[in-house]
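Q: let's see this in three dimensions:
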Amino acid sequence: MAQTVNVNFKLDADVKKSMEQVCADLGLSMSAAFTIFAKKVGREKRIPFEVSVDPFYSRENLSELEKRAADVRSGRSTLKEHDLIEVD
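A: I've put the predicted structure just below:
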């Protein structure tokens, strides 16, 4: 059997709690879940899921949202109710 080692890293408390719940629902410990992840990374030589940036959080979009919020707070702009537009 291979020697085991400890690996320490920090997680946001809410992320940890959420992961603990999912692992419990799956009947796994967090250690087992991370071991599965590490083995898959080692085997496939890649992150085993898509990692991408959500464009909502881009610097340009956040800047635009801050500008619009400031306009609403100052009265230069108002919010209007509208029907939801579905996009396929």
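Q: only C-alpha atoms for contact and neighbour calcs from this point on.
A: Fine.
Q: so what's the residue count around Ser29?
A: 16 (other CA atoms under 10 Å).
Q: that one and Cys23 touch, don't they?
A: Yes: look at Ser29 against Cys23 with CA atoms under 8 Å: they come within range, at 5.9 Å.
Q: next SSE after the host helix or strand of Val22?
A: Per DSSP states H and E, Val22 falls inside helix 13-26. Scanning forward in sequence from helix 13-26 by DSSP H and E, the next helix or strand is helix 30-44.
Q: what mean pLDDT would you report for that next one?
A: For helix 30-44, the mean per-residue pLDDT is 96.
Q: hmm, who's touching the following helix or strand past that helix?
A: Downstream of helix 30-44, the next assigned helix or strand under DSSP H and E is helix 59-74. Contacting residues not belonging to helix 59-74 are listed as 55-56, 77-79 [CA atoms under 8 Å, 6 or more residues apart in numbering].
Q: average pLDDT for helix 59-74?
A: 94.
Q: what are the buried residues along it?
A: Ala69 (16 or more other CA atoms under 10 Å).
Q: thanks a lot, catch you later.
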